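*Asks:* after the sequence you'll find the predicted model.
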Amino acid sequence: MSVRVEPVIDEFEALEACLGDPTVIADQPRYRALMRRYGELKEAAETARALVRARRERADTEALLDDPEVGATAREELEHLATREAELERSLQRALVPRDPFDDDDVIVEVRAAAGGDEASLFAAELVSMYQRYAESLGFTVEPLDTYPTELGGVSKAAFEVRGRGPYQAFKYESGVHRVQRVPVTEAQGRIHTSTVTVAVLPVGEDAELVVSPADYRVDVYRASGPGGQSVNTTDSAVRITYMPGTPEELVVTCQDGKSQHKNKEKALTVLRARLLERERERSQAEEREARLVQIGSGERSEKIRTYNVPQSRVTDHRIGFTTHDLAGVLAGELGPLTAALSEADQERRASELGDARLDAVAIDAKEARRGSA
């Protein structure tokens, strides 16, 4: 692999020239756009410059190979330089991968018990707790939206919103089927059972990104209830919104965790917009679905992105073959190492798919930046 560095350095230098131009500084919308691009490209430009230096050093060392006094030393040094150059090329490819436009968005996390009955509901409750601890450890704010508890202390369904700086980036790899293998508390024979829970992570876009007309949905109100039908409150505060009722596009969203009917309606509309945005995004990415790390599937036991094996205290993410034996830490919300490994694998995959196509795009951007500074 021999990555071309000129387009990266050219664009970065052109951006530096533009940002020092008083006419550009006076045009604040343009200046902010160029600053964003400058920030996106800074790491890649620094890596590209380091790669240029590494290549020059390798060329200088190659010139010494025939020298009888230092030739042997030069050959040894070339091995180290080749390794360093390859590392820098990989780093440059990763740095040029476009940032996910949803990374800074708040998210709605939906957890549902799937196969496994009561045991799936108990595990769903554990995952909700795990995610809330993970969010809080990152300084995010968690707001419950909709929870359906069961009599044994589990949840059949739960939804909550995570707000802060970059929740989607932290949670986006959690979408999919999570499988637990353990002996349930209700199992008298000590046999290991397998249960599954599905998780969906929906980025919350700005309200302006999607306008939902009141004519397209129906609002119903009812009393929130707990396990066994036990009433949680005595007012009709829970809200159910049915989007496009009776059509193939129908979506149903409920929200009952708040005590205010008005606030529950606002939260339900937020969830509805997030689901509609995700639906549109999935449609636009239909051709890439097989390559995506985040597929939810049907919730069957054979479909899974991750397995939590309690007897072995093991957690395995099947998408990248990542395994840790710190099950207690993971369930306590320590998802950082797992998320980092998934992000690294995703970056590597996207970088290999982009290849020189990304550098060609950078070359075009460099031309535009130079034209703007002229």
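*Replies:* Ah, there it is. Residues are numbered from 1 along each chain as shown.
*Asks:* what's the neighbour count on residue 38?
*Replies:* Residue 38: 17 surrounding residues under other Cβ atoms under 10 Å. (Glycine included, C-beta is placed from N, CA and C.)
*Asks:* before we move on, what about residue 261?
*Replies:* Applying other Cβ under 10 Å, I find that residue 261 has 16 neighbouring residues.
*Asks:* show me what contacts it?
*Replies:* Contacts were defined as Cβ atoms under 8 Å, 6 or more residues apart in numbering; by that measure residue 261 touches 221, 235-239.
*Asks:* can you list those residues in JSON lines and add neighbour count, pLDDT and secondary structure?
*Replies:* Below are the contacts of residue 261 laid out as JSON lines (neighbours: other Cβ atoms under 10 Å; pLDDT from 0 to 100; DSSP: H, G, I helix; E, B strand; the rest coil):
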{"residue": "221", "neighbour count": "13", "pLDDT": "92", "secondary structure": "strand"}
{"residue": "235", "neighbour count": "13", "pLDDT": "67", "secondary structure": "coil"}
{"residue": "236", "neighbour count": "12", "pLDDT": "78", "secondary structure": "coil"}
{"residue": "237", "neighbour count": "22", "pLDDT": "85", "secondary structure": "coil"}
{"residue": "238", "neighbour count": "23", "pLDDT": "91", "secondary structure": "strand"}
{"residue": "239", "neighbour count": "26", "pLDDT": "94", "secondary structure": "strand"}
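*Asks:* now for these: which two are most distant?
*Replies:* Using Cβ to Cβ, these reach their maximum pairwise distance at 235 and 239, which is 11.9 Å.
*Asks:* show me where the stretch 201-350 of the chain has helices.
*Replies:* Ranges of helices within the stretch 201-350 of the chain are 261-284, 327-331, 336-354, based on DSSP state H, counting those that start in this stretch.
*Asks:* just checking, what packs against the last one?
*Replies:* To tie it back to what came earlier, the one meant is helix 336-354. Here helix 336-354 touches helix 71-95, strand 314-317, strand 322-324, going by 3 or more Cβ pairs under 8 Å, 6 or more residues apart in numbering; DSSP states H and E.
*Asks:* out of those, flag the one nearest residue 21.
*Replies:* helix 71-95 (25.7 Å).
*Asks:* go through the closest one and flag the buried ones.
*Replies:* Residues of helix 71-95 classed as buried under the neighbour-count rule (16 or more other Cβ atoms under 10 Å) are 74, 77-78, 81, 85, 88-95.
*Asks:* quick one: the strands in the stretch 1-150 of the chain?
*Replies:* If DSSP state E, counting those that start in this stretch is used as the criterion, the strands of the stretch 1-150 of the chain fall at 106-113, 141-149.
*Asks:* circling back to that earlier point, ok, which of the helices and strands packed on helix 336-354 comes nearest residue 107?
*Replies:* Comparing those by Cβ to Cβ, strand 314-317 comes nearest, at 19.2 Å.
*Asks:* quick one: the helices in the stretch 1-150 of the chain?
*Replies:* Along the stretch 1-150 of the chain, counting by DSSP H, counting those that start in this stretch, helices occupy 6-19, 22-26, 28-62, 71-95, 118-137.
*Asks:* quick check: mean pLDDT across the second one?
*Replies:* To tie it back to what came earlier, the one meant is helix 22-26. Here helix 22-26 scores 91 as its mean pLDDT.
*Asks:* so residue 318 sits against residue 308, correct?
*Replies:* No: assessed by Cβ atoms under 8 Å, residue 318 is found out of contact with residue 308, at 11.8 Å.
*Asks:* and these two? which has more neighbours close in?
*Replies:* Taking neighbours as other Cβ under 10 Å, residue 318 and residue 308 compare with residue 308 leading, 24 against 15.
*Asks:* which ones are touching that one?
*Replies:* Residues near residue 308 by Cβ under 8 Å, 6+ apart: 123, 178-182, 314-315, 327, 330-331.
*Asks:* format those residues as JSON lines; extra columns: pLDDT.
*Replies:* Output for those, formatted as JSON lines (pLDDT from 0 to 100):
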{"residue": "123", "pLDDT": "97"}
{"residue": "178", "pLDDT": "97"}
{"residue": "179", "pLDDT": "97"}
{"residue": "180", "pLDDT": "97"}
{"residue": "181", "pLDDT": "96"}
{"residue": "182", "pLDDT": "95"}
{"residue": "314", "pLDDT": "97"}
{"residue": "315", "pLDDT": "98"}
{"residue": "327", "pLDDT": "97"}
{"residue": "330", "pLDDT": "98"}
{"residue": "331", "pLDDT": "97"}
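*Asks:* going by distance to residue 283, which of the residues you listed wins?
*Replies:* residue 178 (25.4 Å).
*Asks:* low pLDDT regions in the protein?
*Replies:* 1-3, 206-209, 225-235, 284-303, 353-374 (pLDDT under 70).
*Asks:* in three-state terms, label the residue most central in space within it for me.
*Replies:* Nearest to the mean C-alpha position of the chain, by Cα atoms, centre = their mean, lies residue 172 at 2.5 Å. Counting by DSSP: H, G, I helix; E, B strand; the rest coil, the backbone at residue 172 sits in helix.
*Asks:* now it, nearest residue through space, not along the chain?
*Replies:* If the residues on either side of it in the chain are set aside, residue 172 comes closest to residue 201, at 5.6 Å by Cβ to Cβ, 6 or more residues apart in numbering.
*Asks:* please name the residues that touch the one you found.
*Replies:* 107-110, 168, 171-172, 174-175, 294.
*Asks:* if we can go back for a sec, out of the buried residues of helix 71-95, which is nearest to residue 245?
*Replies:* Using Cβ to Cβ, the buried residues of helix 71-95 come closest to residue 245 at residue 94, 46.1 Å.
*Asks:* from residue 135, how far out is that closest one?
*Replies:* 26 Å (Cβ to Cβ, to the nearest Å).
*Asks:* please apply the same query to residue 243.
*Replies:* From residue 243 to residue 135 the distance is 27 Å (Cβ to Cβ).
*Asks:* so for these two, which sits in the more crowded spot?
*Replies:* Neighbours were counted for residue 243 and for residue 135 using other Cβ under 10 Å; residue 135 has more, 24 against 19.
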